[in-house]
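> Next one to model:
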Amino acid sequence: MQLLISLLLDLVFGDPPNRFHPTAWMGSAITTVNRFRPRSNPPAEFAFGLSLTVLGAAFVGGIGFFLARGFDSLPPLANWLATALILKTTFSLRGLDRAAREVQSALEAGNLPEARRLLSWHLVSRDTSQLTEFQVAAAAIESVAENASDGIVAPLFFFAIGGLPAALAYRFVNTADSMLGYRDAEREWLGKFPARLDDLLNFIPARLTGFFIVVSAFITDACGRQAWNVMRRDARLTASPNAGVPMSAMAGALGVELEKVDTYVLGRGLRAPQVTDLQRARRILIVSALLAVLTFGIVLVWYGNN
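Below you'll find the predicted structure:
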């Protein structure tokens, strides 16, 4: 029940302002602590990144534990509402769909510079200034698929197996990875541990997301069989051990080739993506989120009855 309520809260109200958002607080805390990091000393930088990630995840997980204990003293309906409200802050289906829709609207209006700007602002960290219309659509579709995993399915998965403590701890690790886990001179050693831990935590959620995308393709106007085949063939073509799973499933579901220049090609040989494919990807995203809520809800009910 908490999963369904949290999804409805997200779809109706979206994300709270940053001053009330736990994920924004996590990001601010990471930025503040990072000012004290060692420099030009790889072992010390690695140890600092490890300590920041483990202690930060333990701290927010502890907050989740005490919140859950407090909510247990409430009447059942109030407990569900309170739990769902906190859980909702660990994922953002409405925010991801809105970001993709804004890029889609700019492409539909023929405003490629604005589509590039919105793509860079909301969805990707790569340079978008020279991307073609097809490449913008591809990058947006890739981001929808990848974020379906670490932005929606993963926190719901960890809630299902460990409640609020696990969902909040996961969100801290993922935030640390998104801020520190880059292979550049500034963060190569600092972000190595959060990046590897995030890869480990997302191993199962990414594969569940790929499965949900395949099932969603059968439910929507996409191709489920092709989604499965392309996912099996191309899931390991990305540098990330996890991102390629949902992205290749989405490529197959839509029947399109998703390419990041000089990095990977998923669904090689399929047609170039159009703006209409971004709309179809958003539809698959919504159905996949619903399937995740249904699946993990069943897990929680089964666990509660045993």
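> which other helices and strands contact the helix or strand hosting Ala137?
In this assignment (DSSP states H and E), Ala137 forms part of helix 133-148. Counting contacts by 3 or more CB pairs under 8 Å, 6 or more residues apart in numbering; DSSP states H and E, helix 133-148 packs against helix 93-108, helix 112-122, helix 203-219, helix 244-254, strand 258-260, helix 275-304. The way it works is simple: take the backbone N, C-alpha and C, and place the C-beta from them, glycine included.
> Quick check: buried residues in the second one?
In other words, helix 112-122. Across helix 112-122, burial judged by 16 or more other CB atoms under 10 Å covers 115-120, 122.
> Just say which of the helices and strands packed on helix 133-148 is most tucked in.
Most buried of the helices and strands packed on helix 133-148 by mean neighbour count (mean count of other CB atoms under 10 Å) is helix 244-254; its value is a mean of 32.
> any idea how far the nearest residue to Arg94 once chain neighbours are set aside is from Gly62?
Computed as CB to CB, 6 or more residues apart in numbering, the closest residue to Arg94 that is not its neighbour in sequence is Gly14, at 4.6 Å. Using CB to CB, to the nearest Å, we find Gly14 at a distance of 28 Å from Gly62.
> Report the residue spans of this protein with pLDDT below the cut-off.
The chain contains residues with pLDDT under 70 at 304-306.
> What residues sit buried inside stretch 55-75?
Residues of stretch 55-75 classed as buried by neighbour count (16+ other CB under 10 Å): 56-57, 60-61, 63-65, 67-68, 71.
> Give me the phi and psi for Val265.
The phi and psi torsions at Val265 (degrees, to the nearest 10) take the values phi -130, psi 120.
> what's across from it in the sheet?
On the basis of DSSP bridges, Val265 takes part in beta bridges with Glu259.
> what's the neighbour count on Gln130?
By the measure other CB atoms under 10 Å, the count of residues near Gln130 is 8.
> hang on, it in a helix?
No: membership of Gln130 in a helix is not supported by DSSP: H, G, I helix; E, B strand; the rest coil, which gives coil.
> Relative to Leu112, how far out is it?
The gap separating Gln130 from Leu112 is 11 Å, by CB to CB.
> Can you report how many residues lie near Ile5?
Neighbours around Ile5, by other CB under 10 Å: 18.
> when you give positions from now on, start the count at 889
Yep, numbering from 889; the last one is Ile893 now.
> Figure out the helix or strand that it lives in.
Assignment of secondary structure by DSSP H and E places Ile893 within helix 890-901.
> returning to that earlier point: elements contacting the next helix or strand along the chain from the helix holding Ala1025?
On the C-terminal side of helix 1021-1036, the nearest following helix or strand under DSSP H and E is helix 1042-1068. Counting by 3+ CB pairs under 8 Å, 6+ apart, the packing neighbours recorded for helix 1042-1068 are helix 890-901, helix 910-922, helix 930-959, helix 964-976, helix 1080-1089, helix 1091-1107, helix 1163-1192.
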